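[1] Return a 3D structure for these sequence lines:
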Amino acid sequence: MEIILLQDIERLGSKDDIVTVKKGYARNFLIPQKMAIAATESAKKIIAENKKQRAHKEAKLKEEALAIVAKLENKVVKIGAKTSSSGKIFGSVNTIMLAEAINKKGFEIDRKQITLPEDSIKEVGKYTAKIKFHKEVVVDFEFEVVAE
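    Residues are numbered from 1 along each chain as shown. Sure, this is the predicted structure:
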């Protein structure tokens, strides 16, 4: 049975994909859970139009993300933290602290867009985080943790 996915489903496909699954899986699980709809001709036309409109919006969002990346490229962010004499931080540096430091520079970045190299940073030094502005625009961002 052909269905159109209404959301991303692991190992099956992503939103608006037309996939073929067994009838029981579609009728008993995917369609009642509002994860998919039957792939009728009219539904296929609607999805094609939605994809076209979404592609235009995605291109605009990607352009904006690239503009932000160009501005952010040469910025240096230093995060101050209380440290011991050996250079260990009391506590840790996390995505919230990094997002606040970047936002003070004039950018609007949510902490959920940032991925740190480790779970938590507990020493003074230079680190690189990944910032995801768009699903196709991911940037390595260098920052430094310094003693206060």
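[2] Could you report the separation of the residue lying closest to Gly91 once chain neighbours are set aside from Thr95?
    Using C-beta to C-beta, 6 or more residues apart in numbering and skipping residues adjacent in sequence, the residue nearest Gly91 is Ala81, 7.2 Å away. Any C-beta I mention is one placed from the backbone N, CA and C, and that applies to glycine too. With distances taken as C-beta to C-beta, to the nearest Å, Ala81 is found 14 Å from Thr95.
[3] quick revisit: surely the residue nearest to Gly91 is in contact with Glu148?
    Yes. The pair Ala81 / Glu148 is scored as a contact, 6.3 Å apart, by C-beta atoms under 8 Å.
[4] ok, these two, which is more surrounded?
    Shown here are Ala81 and Glu148; by other C-beta atoms under 10 Å, Ala81 has more neighbours (19 against 8).
[5] which residues touch Asn50?
    Applying C-beta atoms under 8 Å, 6 or more residues apart in numbering, we find Asn50 in contact with Asp16.
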